[in-house]
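[1] Let's see this in three dimensions:
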Amino acid sequence: MKQGEKRAKSAARQHRQPGREHSLEPRPLIIRDSYRGSGKLEGKVAIISGGDSGIGRAVAVHFAREGARSALIYLEEDKDAEETRSLVEAEGVDCLLLQGDVGDHAFCRSAVERTMDKFERLDILINNAAEQHPTEKFEDIEPEQIERTFRTNIFGYFFLAQAALPHLGEGSSILNTSSVTAYRGSPHLLDYSATKGAISAFTSSLSLALVERGIRVNGVAPGPIWTPLIAATFEPDHARDFGKDTPMGRPGQPAEVAPAYVFLASEDASYMTGQIVHLDGGKFVHT
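    Next up, the predicted model:
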């Protein structure tokens with residue numbers, strides 16, 4: 001079975017959020033066999049929202065290979081979360097699972113407190129949790145959908161950053177996941193695109209607010225990356241052709257995105273703040 005047909009099959013089977021990585025076909029590539037850690041994040045502790053699957057899972061595994069321990073926030077996908085924890089712990093570091101809704105201010109405070117209780121430090125915050133709901137007509141977007149999308153995709157970023165800030169010091173990093181839709185737009189994902197535009201503005205503004213404290217704030221704007229969110233969002237026909245409209249002619253893999261987070265969180269990016277790194281197969285620039 002071809003890759004596009006497998007993606008369509010997964011979309012037909014899941015088509016509800018949150019998606020499940022354990023039943024995704026084909027399975028996303030989380031980390032390359034050839035990826036070699038070099039201690040870039042040795043001794044660091046990270047909180048990763050949406051850390052159970054997709055880009056969040058890949059970031060957690062890459063961070064682990066670089067020596068970082070992680071607390072992974074997830075909504076309800078217990079099987080995916082446990083699988084991710086196993087992958088992280090296989091790299092020789094501890095992993096904490098935190099189930100809850102990042103749109104809940106109290107939960108975000110609790111998640112940071114539980115992370116501090118276990119690891120006694122916090123160096124990196126990865127704001128990554130997201131949801132999206134395609135709608136054919138703009139006028140059909142319900143107020144409840146708008147509020148829910150904004151609460152997950154941008155309110156949660158505010159809440160976690162506020163909760164984490166007292167524990168972050170000089171050399172710490174906050175990394176936010178934006179999207180190519182923030183720059184190119186999307187006629188069927190208006191509320192999602194709006195939140196991603198807000199994330200980009202939030203990143204540049206927060207970087208200015210925290211630069212004197214020595215805390216860097218950057219972001220990543222992925223394009224079409226094969227994750228459970230895609231299978232849980234789109235119809236089979238869309239999933240089949242997913243990523244073909246990029247200059248590279250294919251979707252990206254989480255393993256192709258996560259190294260950017262490693263770079264931005266490490267001392268290699270010590271002179272970068274307020275920046276958004278685009279990983280989209282050339283879609284933003286060339287199409």
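
[2] by contact count, what packs against the helix or strand harbouring residue 106?
    Secondary structure assignment for residue 106, by DSSP states H and E: helix 105-119. With contacts defined as 3 or more CB pairs under 8 Å, 6 or more residues apart in numbering; DSSP states H and E, the packing partners of helix 105-119 are strand 45-49, strand 69-74, strand 95-99, helix 156-164. From N, CA and C alone the C-beta is placed, and that goes for glycine too.

[3] Wait, a strand at residue 219?
    Yes - when DSSP: H, G, I helix; E, B strand; the rest coil is applied, residue 219 is found to be in a strand.

[4] Write down the beta-bridge partners of it, one by one.
    Beta-bridge partners for residue 219, by DSSP bridges, are residue 176, residue 276.

[5] which residues does it contact?
    Counting by CB atoms under 8 Å, 6 or more residues apart in numbering, residue 219 makes contact with 175, 176, 177, 178, 199, 200, 203, 275, 276, 277.

[6] Are any of those residues buried, and if so which?
    Neighbour-count burial (16 or more other CB atoms under 10 Å) applied to the contacts of residue 219 gives 175, 176, 177, 178, 199, 200, 203, 276, 277.

[7] Kindly reformat those as a markdown table containing distance to residue 49 and pLDDT.
    As requested, those are arranged in a markdown table below (distance: CB to CB, whole Å; pLDDT from 0 to 100):
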| residue | distance to residue 49 | pLDDT |
| --- | --- | --- |
| 175 | 11 | 99 |
| 176 | 10 | 98 |
| 177 | 9 | 98 |
| 178 | 14 | 98 |
| 199 | 12 | 98 |
| 200 | 17 | 97 |
| 203 | 15 | 98 |
| 276 | 18 | 98 |
| 277 | 18 | 98 |
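
[8] Dump those to TSV, plus distance to residue 168.
    As requested, these are exported to TSV (distance: CB to CB, whole Å):
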residue	distance to residue 168
175	12
176	14
177	18
178	20
199	19
200	21
203	15
276	20
277	21
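
[9] out of those residues, who's nearest residue 227?
    Taking CB to CB as the measure, residue 227 lies nearest residue 177 of those, at 11.0 Å.

[10] you'd agree that closest one is up against residue 128?
    Yes - counting by CB atoms under 8 Å, residue 177 does reach residue 128; the two are 4.4 Å apart.

[11] on that earlier part again, may I see the helices and strands packed on helix 105-119 organised as TSV, with mean neighbour count added?
    Below are those laid out as TSV (neighbours: other CB atoms under 10 Å):
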stretch	mean neighbour count
strand 45-49	27
strand 69-74	27
strand 95-99	19
helix 156-164	22
